[in-house]
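1. give me the fold of what follows.
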Amino acid sequence: MHGTDPKQTEFLLSDGPDPELFTPAPLADLVAEMARLWGLPLYQKARLTLRNHALDEVRGRLELVNAPDLPLNPAQLLLLRASGVEFTHRQITEWSLLDE
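-> Below is the predicted model:
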């Protein structure tokens, strides 16, 4: 076979004439469920007002520091980070999305 890589071991199988060349992020559904359960804008840019923290407010992309245990339980403490600042979900008193 000319023009093919003999080391190729994966095949792209899809229905229809146009193959899908990407797959959704495997954790996208899990992150969406965590965002819903905890009522937070996970992995989005936000302005967050904090209590019991050295900073009253932080702006940035809200990220998880550690994933919660499964099954998901909104009573479980989430350790979060935005713009390099760490805090827990319980320290957030309010939030709003920022324009990208």
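
2. name the SS class of Phe87, please.
-> strand (DSSP: H, G, I helix; E, B strand; the rest coil).

3. so it bridges to which residues?
-> Counting by DSSP bridges, Phe87 forms beta bridges with Leu80.

4. could you list every residue that touches it?
-> Applying CB atoms under 8 Å, 6 or more residues apart in numbering to Phe87 gives the contacts 48, 50, 53, 58, 79-81. Bear in mind the C-beta positions are built from the backbone N, C-alpha and C, glycine included.

5. let me know the closest of the residues you listed to Asp69.
-> Using CB to CB, Leu79 is the member of the contacts of Phe87 that lies nearest Asp69, at 12.4 Å.

6. state the distance from the closest one to Val85.
-> Distance, Leu79 to Val85, using CB to CB, to the nearest Å: 12 Å.

7. cool, and Leu50?
-> As judged by CB to CB, Leu50 and Val85 stand 9 Å apart.

8. higher neighbour count, those two?
-> Legend: neighbour count by other CB atoms under 10 Å for Leu50 and Val85, higher for Leu50 (20 against 16).

9. who touches the more buried one in this structure?
-> Taking CB under 8 Å, 6+ apart, we find Leu50 in contact with 56-58, 87, 91-93.
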